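J.: Next comes the sequence, and after it the predicted model I'd like to discuss.
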Amino acid sequence: MGMFTESIEVSRAANGMPLRVKWRGREYRLVAEPERWFERRKWWDENLRIPRGIGAGMADYEMWRLQLAPATGGGAPQSVDVSFDPQSERWRLVRIHVELARSA
Amino acid sequence: MSFTHLNVTSSFSAHYGVSHPAVLAAAAKAQGAHMLALTDRDGLYGAVKHVAACRDEGITPILGVNLAVLDDSGQSTGRIILLARGHSNGAGYAALCRTITLANQASRGSIGLTQRQIAHRAADGNLMVLVGGESDAARALAQGRYAQARALLANWKHHIGRMLRVEITTHLSAPGARYSLGEAGKMLRYADELGLRAVLSNAVRYADPDGAVTADLLDSARALHQLKDLHSFQPNGQGWLKSPQEMQQLAAAISRATERSWKHRLLKETEATARFAALDPLTDLGWKQPVIPEATVLGLHRPAMQELTERVYSAVPKLIPNEDPSLVEERLALELGTINRLDFAGYFLTVAETVKIITGMGVRVAARGSGASSLVNHLLGISQVNPLQHDLVFERFLSETRTTLPDIDIDVESARRHEIYRKIFTSFGEERVSLMSMQNAYRARGAVRDAGTALGIEETQIDEIAKQLWRFSASSFREALAEKPELAALASNITEDSQLDILIDATERLDRLPRHISMHPCGVILSDATLLNRTPVQPSGIGLPMSQFDKHDMDLMGLIKLDVLGVRMQSAIAYTLEEIARIHGDKPAVARAGGHQETGYINEDGHIELSKVPLDDAATFALIRSTHTLGCFQIESPGQRELVGKLAPREFNDLIIDISLFRPGPMQSNMVKPYLEHRHGFAPARYLHRDFVPALAETHGVTVFHEQVLRIIDTLTDCGLGMADVYRRHLGNPEKEPIVENIVRTKAAEKGYTQEVIDKTWEVLAGFGSFGFCKAHGAAFAVPTYHSAWLKAHHPEAFLAGIWEHDPGMYPKRLLVSEARRMGVPILPLDINRSTGHYRVERIFEYAQPAAPVVPRAPGSQRPGRYGIRLAFRDIHQMSESEVERLVAGQPYDSLADIRDRAGLSRRTYQNLAALGAFDSLLTGTTRADTIAHTQSMARSTLPAKYQPGPGQLTFDLGQIEPIKNTGNILEPAEVVRTELDLMHLDATEHLISSYQKLLSHLPITQAIELLHLRNGAEVLVAGVRVATQTPPMRGGKRVVFISIDDGTGCIDATFFDDTQQRTGPLLFSTRMLLIHGVTRRTGPRGISLQALNAWDLHQPETLPHAGYLDNASRPQPSYRPKLGNAIPGKESVAELAQRMNAEGLDQRGA
């Protein structure tokens, strides 16, 4: 399993569920229901300020595990973990699950 | 679509919950909730706020508690939630209260209940038990022990049965963490397998996601760990009050992980449980319905109203024989009529019963506050003030426009307060009485400490910051940093060190959050035998049970609260009266000593009944006008002495006015100056309309009292005084004041007042706002003020002994030594055979004629010098109470050896007593220096057991064979004084300043006593010991520092403005012995203070000015000079006085 962060674009449905992904210039579709969790974020290491009213996303990262397949053309599905930062409203790619990609 | 949160903790779960109940209720309402639970940890601390907030929001409250489950050894195995059954006529709520009380008994050392106790409590169906994410089962799951988790749930089922619900919670945390989706799924599956019903919750700790950071900080503060080292607390920040949509999504996610069909069932069961617990505040909680003790407890054999009426009328001939019967009749008709219609007779009888219990113990009692407005209170013996005599308005206390019970506050002797509480408990029965609690919230200092610890900031750095934070709230810390010069260094650090920046944010988050409850300083709750069904109680610091509710909860919960406040002055007065009777012995002797012409108030045994002393004693007012009021209740502070000097009180009503004026409102709105000008005839009193003359005549047209506002409003509108009090309360309220203005203007116009009169009068009323003072408060306060001054004038020695004994004032004890000198009362040294554990008045037989005292004495009273005050053993450094007891029990002693043998003193105390000269009276031919040398050289005082004399064995008189070496050494006076200061914090032998006289001999030093004779604007040098320093908070402007010094002849109050502060630098706060250069400012016929121009530290003789300093052209000049010969002070003086008064923090009286 690789671990890094890389920019990725995720578009969501109205209920917040990811729908489509654009990554390294390619469009992907989701081939399984995505799983969501919230991982502890160490704001005391990462933030310079924590004023009252700063809002969501200080104590955790929103994480999604997505099973991706290229929207067009062929290619094996891949499992990736992405995170969303509500402060910057940006998505980052956190992990690519190599084992799953290989076994699929 | 609605969802009810059943697991919600508020900020009243100290060190756990983040949001105030009102915030939670508002958030729930905004999400469309119909119901909301509050389940604080260990108690109902936030429950009443929750119910009130739910009622405001129009949603239904649910109450429960989050309790620890204890194993047999008292260890916590987890936590569960209990919910009270609703619509059960209070049965569910009563079960909840009693269960919480039981859990808080903490007999095993921790708060909580065993599973068996919980089962027992839930058995009758009044409590629902939620076992969820904090339970033992969830703990086992988190550790991967699935079979055990299932078994634990089965065990809960076995114990609790039908009242059990499994609580399913997921914070969508990372797989394997607490509150993960997997955990929730497993819990739900086990519940299904065991046939248990399950409900959904979100284990809420904050109203919105922003609170997660604060929750982390609280977790850290609770665990006393820095955040870095926290592992077991919230897994992420998802514990907020999620919307119904979000909760449905969570239910869907859980059902995807289990069975799709379970989503609906889970949500349905949640709402069913909510309906079970939905409370009706009226029938379940007795919302706003006052409950008084049962008639039998009050000893009533007839209806309360009848009893009250008869008691009141029968007291008239005894207590107010001289009042006009028709006035009394009219007043009692008004008061009793109101009490009857409000159905409060039982309440008055309850208070009267309590006062009877207290006075029955021989304790001094005084009612304070607006209760003094009531003649019924006076006739019941609750209040000493006769409202007819002082023209007090009953409606300010009680009228039909208010539905809540009036506050009747009772002052008692502080030293006997706990004894009184215990007596009230036993008299009414323990099931009917509880102490009230108070919430202690984070203040800036505590917040910065806990925030700093959480962030792992170095302790020394936190300390430094915490020290700076004592004046302002943490939430204004950032502004303070920008504003205050002494924080400049810190401010620049913050820009350099990013850690400090986050520290301030964290501090602001913690600031004001509740930390713990403690015993309220005076609140006692009285009720009937159902009290413990209506409030949970827990042990207080003094062992007596204390309610988990605070003063804001009382009226709402129908709980009657009495404020029984310990007042040191009452103890001091009681002690004074005891001493007078003890030393003089009988009535004629007391009358002679005190110079009393009348003797009706002196009992045959010499006890004075202060309540019978007339309030018009000329000698007492002469003393007050002299401003030598140290030790007198309410009028001893520098600011008050200044005001008393200006006001020059001549009668009791002047004292009421003085006390009422000495508040921030009147001071800042400059009511004092016009009042004084009119009073002294510098300007004629002016009235906006002749109709207002009756209301305002006593204060020369200036509005000082609430009562006057009521009368003006009533005059303008004919609304009645009761309604006028309602309008008065609305003044200053931005929403309601315009309504009042409209009514007043319309009605006044109808009554034919001109537009100009209406405009100007409204200006006065609006400006008055919440400023004024209730005259009844002033009158109630003025009684002990007058009594203390009366005692000081007539029985100065006994009074001073009372002040020494109970220390009621604001000044250090050593200042009282100076006062004793000014009063001509000798301070008698410690004496091994004459001193006791108490400060006693002692007859002096071989006295020298002392100089005439500065402090006036009543004409005809005992001349000074015949009695002195003997220093007591009680305030000696490192001498324990039991040592004092043993020493006194063994008196008299005839030699040092005798003391060593029998007194059982520690070696250190023995040496200290020698150093203080306590053994001087035993010496023959040797000096104190010899004794000290002797005790210092002695071996350990106690012999090993085998060398100690056995029973019956005679001891040698060691004093004879233990020769003290006669060296002829004599101690220097300065050395003696230093020892006294070190060991007793007193300079009894001579004033501390005496030893500096040589140092200052080249300078023309002015003494405090001489200042008064100087003209305004005279330049002087004064020297003395600092006795008080006050720094009123700056409001963006420049700081003013007030320093009072004492030079043995009196107090000198000096004002340091900015330029002088620059000149003097750090010594302003750190130096004890000061030389001050200043200019006199006359503040009244008997008042003078200094505007300081420079100051020096007497301990740095090299820095002191040279001879001829006052002629040196380069000495500092005043930046402004008061106008010479102007007896009435300028505007600055009043403003300063207000600031000073604020800083003195004396204004703790509720309006």
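T.: Structure received.
J.: Need phi/psi at residue 45.
T.: Using chain A. With angles defined as degrees, to the nearest 10, residue A:45 sits at phi -90, psi -30.
J.: What about it, how many residues nearby?
T.: 8 (other C-beta atoms under 10 Å in any protein chain shown). The C-beta positions use only the backbone N, C-alpha and C, and glycine is treated the same way.
J.: The closest residue to it other than its chain neighbours and residue B:508, how far apart?
T.: Residue nearest to residue A:45 in three dimensions, not counting chain neighbours: residue B:228, with 8.0 Å by C-beta to C-beta, 6 or more residues apart in numbering or on different chains. Residue B:228 sits 21 Å away from residue B:508, taking C-beta to C-beta, to the nearest Å as the criterion.
J.: neighbour count winner among the two?
T.: For residue B:228 versus residue B:508, the count of surrounding residues by other C-beta under 10 Å is larger for residue B:508: 23 against 13.
J.: Touching, that one and residue A:49? I think so.
T.: No. If you go by C-beta atoms under 8 Å, residue B:508 and residue A:49 don't touch, sitting 10.9 Å apart.
J.: helices and strands of chain A: which one has the lowest mean pLDDT?
T.: Lowest on mean pLDDT, DSSP states H and E among the helices and strands of chain A sits helix A:98-103, with a mean of 52.
J.: picking up where we left off before, spit out the contact partners of the residue nearest to residue A:45.
T.: Applying C-beta atoms under 8 Å, 6 or more residues apart in numbering or on different chains to residue B:228 gives the contacts A:42, A:44, A:45, B:456.
J.: pLDDT at the residue nearest to the second one when sequence neighbours are not counted, what is it?
T.: Leaving aside its sequence neighbours, residue A:44 sits nearest to residue B:227 (C-beta to C-beta, 6+ apart; 4.8 Å). On the pLDDT scale, residue B:227 is placed at 88.
J.: which residues touch residue B:525?
T.: Residues counted as contacts of residue B:525 (C-beta under 8 Å, 6+ apart) are B:433, B:434, B:435, B:436, B:531, B:535, B:547, B:554, B:559, B:560, B:561.
J.: how about JSON lines for the contacts of residue B:228, with pLDDT, secondary structure and distance to residue A:88 added?
T.: Conversion of these to JSON lines gives the following (pLDDT from 0 to 100; DSSP: H, G, I helix; E, B strand; the rest coil; distance: C-beta to C-beta, whole Å):
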{"residue": "A:42", "pLDDT": "91", "secondary structure": "coil", "distance to residue A:88": "17"}
{"residue": "A:44", "pLDDT": "91", "secondary structure": "helix", "distance to residue A:88": "19"}
{"residue": "A:45", "pLDDT": "88", "secondary structure": "helix", "distance to residue A:88": "17"}
{"residue": "B:456", "pLDDT": "89", "secondary structure": "coil", "distance to residue A:88": "26"}
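J.: nearest to residue B:282, of those?
T.: Top of the list for closeness to residue B:282, among those and by C-beta to C-beta, is residue A:44 at 47.3 Å.
J.: residues in contact with that closest one?
T.: Taking C-beta under 8 Å, 6+ apart, we find residue A:44 in contact with B:216, B:227, B:228, B:454, B:455, B:456, B:502.
J.: Buried by neighbour count: which residues of the helix or strand hosting residue B:521 qualify?
T.: For residue B:521, the element it lies in under DSSP states H and E is strand B:514-526. Neighbour-count burial for strand B:514-526 flags B:514, B:515, B:517, B:519, B:520, B:522, B:523, B:524, B:525, B:526 (criterion: 16 or more other C-beta atoms under 10 Å in any protein chain shown).
J.: Figure out how far it is from the centre of its chain.
T.: Here the centre of strand B:514-526 is set off from its chain's centre by 11 Å, with C-alpha atoms, centre = their mean, to the nearest Å.
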